[in-house]
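Asker: 3D, please:
(chains A and B)
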Number of protein chains: 2
Amino acid sequence: MPSFDLDSYLQTQVERVEQLLRSRSDEMGVQVPPRLLESMRYSLLAGGKRLRPVLCLAFAEAVLKQSNVPRMVEDCACALEFIHTYSLVHDDLPSMDNDDMRRGRPTNHKVYGEAMAILAGDSLLTDAFALVAGGPEPVRGVLCRELAVASGSSGMVGGQVLDIAEDRPAHIDYLTRMHRLKTGALIRAACRMGVLAAGGDADALARADVYGDSVGLAFQIADDVLDVTGDASSMGKPVGADAAAGRFTFPAVLGLEESKQLAARKVAEAIDAVKTLEPHDGPLAALARYSVERRS
Amino acid sequence: MPSFDLDSYLQTQVERVEQLLRSRSDEMGVQVPPRLLESMRYSLLAGGKRLRPVLCLAFAEAVLKQSNVPRMVEDCACALEFIHTYSLVHDDLPSMDNDDMRRGRPTNHKVYGEAMAILAGDSLLTDAFALVAGGPEPVRGVLCRELAVASGSSGMVGGQVLDIAEDRPAHIDYLTRMHRLKTGALIRAACRMGVLAAGGDADALARADVYGDSVGLAFQIADDVLDVTGDASSMGKPVGADAAAGRFTFPAVLGLEESKQLAARKVAEAIDAVKTLEPHDGPLAALARYSVERRS
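Answerer: As a prediction, this is how the structure comes out:
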């Protein structure tokens, strides 16, 4: 049985996302002070895996059984990447992770200064809601709600606070909760928003929910594992940085082998959840495997 | 003719807003890491004029002809203050205005550190959209859109970028555009959202628009004037700070007298815009006058 060609699929979808991000940030940028727009686009258009938009598009396509999706799906895909990008820009700041490099380039604040990096992040976050809320009734409201709950104090930002807390217990429950919030919530929202924006039913939404939760966790475990086993040139940043900084990772808490096994179980759960949504060995299953099998 | 008792009105409305902010941040805080919630509430519940929520409620009441308003109006009022508070927390940061005091207390980053102040601001911003998007159809979508456009890169954040730009021309057009974005856009949105959340018609919305634009500008001119003429105890912060820092103000560009006259003209335009929405000398007219006649 021919296996799904993930490389070709990802190439098509990532290029589609790049084009969408360029055109939406162009359209929205007409009234924006040029230096702010430049700083926003510097980080937004810096490449990356585009995992959240790709998952959003993949779920919409699975629901619609075609690759032609409504503009609302595309706008959700872009909004998810706006939010993800803002979180990276703020996390890299000197008072947070103090990272100088991101995706092989100097971080936003190294190029534009701290004040502009904070404001570029604030803008990307806010403009994400302008994009989604600019869509049609009746879905734009529920989509804004999904995005806000996943990103705010009881979602992504809450997870970042758990990550920088000084009194973190070195326990798998805390680590799992932290990542469910910090990266999992937005990945899960990406899957759910793809279904909702495409008009999917409650069953599809529930399946997207399980898939997103599992892939979100698997992806983060793989990130931690790659920091131990990856190489600097494919990562675009120094490896071993987490361990050197004494950061709190799955390999540090569970060990490397058990971390890999947990990630593999989560991938299997994700694939099982979507088996009624797509033909055998379709893009969702391939993306779930990719979440841990990637090299960067 | 008995004049409107603004003091008593403001006392009632501000207390109502305080209660709403306490209860909404309580309800939303259940899943939030305690230190993050504490930092958010430190700034959110630090007092202040609550101008944006008060204007939102006042417009809803003018449309509905009663003080009993739907929960959607209350949630919009809170969301506006969430956004205003986040903007103050981020503006006070060392890399921006580097302010140590706000409303007579140490600024957020002085108490919680820079990283937490950035994240508390990010949360307040995001949670504002969760609040509005948690409302009923069909208004929640359009209300999210109003809030996002007013707050993002072509609104409030854009204005802050114009404010911190090094090459600002000392020209009234630049100063006016900067303030229309930096403070005016959210004040105008407060008025418009009050009308929209209360189910007002297109005429009421257009009147709220003119009023909000005029009051927003008048309010900012008055802020600059107060920095020259006010006293430290009623301001809760040092006066003369703008001039000392060489900041770009209406008195610096237009002179003190001409600034006061411009503010007075804007107040008159605002009052004229709402004369068909409320009985003679009602709360909206009184609030427009208050925007320049306050002492802090």
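
Asker: Strands of the stretch 101-250 of chain A, start to end?
Answerer: Applying DSSP state E, counting those that start in this stretch to the stretch 101-250 of chain A gives strands spanning A:101-102, A:105-106.

Asker: Tell me which of those sits nearest to B:Gly29.
Answerer: For these, distance to B:Gly29 was read as CB to CB. The smallest value, 31.6 Å, belongs to strand A:101-102. (Each C-beta comes from the backbone N, C-alpha and C, glycine too.)

Asker: so who does the residue nearest the centre of chain A touch?
Answerer: The residue lying closest to the centre of chain A (CA atoms, centre = their mean) is A:Arg52, at 4.2 Å. Neighbouring residues of A:Arg52 by CB atoms under 8 Å, 6 or more residues apart in numbering or on different chains: A:77, A:80-81, A:84, A:186-187, A:190.

Asker: So the closest residue to A:Phe4 other than its chain neighbours: helix, strand or coil?
Answerer: Sequence neighbours aside, A:Ala286 is the residue nearest to A:Phe4 in space, at 4.6 Å (criterion: CB to CB, 6 or more residues apart in numbering or on different chains). When classified by DSSP: H, G, I helix; E, B strand; the rest coil, A:Ala286 comes out as helix.

Asker: My understanding was that A:Ala286 contacts A:Leu6; is that so?
Answerer: Yes: between A:Ala286 and A:Leu6 there is a contact under CB atoms under 8 Å: 4.3 Å.

Asker: and the residue nearest to A:Phe4, what pLDDT?
Answerer: Turning to A:Ala286, the model gives it a pLDDT of 97.

Asker: Was I right to think A:Thr176 contacts A:Gln220?
Answerer: No: between A:Thr176 and A:Gln220 there is no contact under CB under 8 Å: 9.3 Å.

Asker: Could you pull up the residues touching the nearest residue to A:Arg188 once chain neighbours are set aside?
Answerer: Distances taken as CB to CB, 6+ apart place A:Gly212 nearest to A:Arg188, at 3.3 Å, with adjacent residues excluded. Residues in contact with A:Gly212 (CB under 8 Å, 6+ apart) are A:55, A:184, A:187-192.

Asker: I'd like to know which of these is nearest to chain B.
Answerer: A:Ala189 (12.0 Å; CB to the nearest CB).

Asker: On the pLDDT front, check the residue nearest to the closest one when sequence neighbours are not counted for me.
Answerer: Spatially, and ignoring its direct neighbours in sequence, A:Ala189 is nearest to A:Ala150 (3.6 Å; CB to CB, 6+ apart). pLDDT recorded at A:Ala150 is 98.

Asker: Report how many residues lie close to A:Ala150.
Answerer: For A:Ala150, the count of nearby residues is 25 (other CB atoms under 10 Å in any protein chain shown).

Asker: my read: A:Lys266 touches A:Ala222, true?
Answerer: No: using CB under 8 Å, A:Lys266 is not in contact with A:Ala222; the gap is 9.7 Å.

Asker: hang on, the earlier thing: okay if I get the contacts of A:Arg52 as TSV plus pLDDT, neighbour count and distance to chain B?
Answerer: What follows is the contacts of A:Arg52, written out as TSV (pLDDT from 0 to 100; neighbours: other CB atoms under 10 Å in any protein chain shown; distance: CB to the nearest CB, whole Å):
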residue	pLDDT	neighbour count	distance to chain B
A:Ala77	98	31	17
A:Leu80	98	31	13
A:Glu81	98	27	15
A:His84	98	25	13
A:Leu186	98	25	11
A:Ile187	98	29	16
A:Ala190	98	32	16
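
Asker: Now do the phi/psi pair for A:His280.
Answerer: phi -50, psi 130 (degrees, to the nearest 10).

Asker: is it fair to say A:Gly47 lies in a strand?
Answerer: No: using three-state DSSP, the assignment for A:Gly47 is coil, not a strand.

Asker: Identify the residues contacting it.
Answerer: Counting by CB under 8 Å, 6+ apart, the residues that A:Gly47 touches are A:Arg103.
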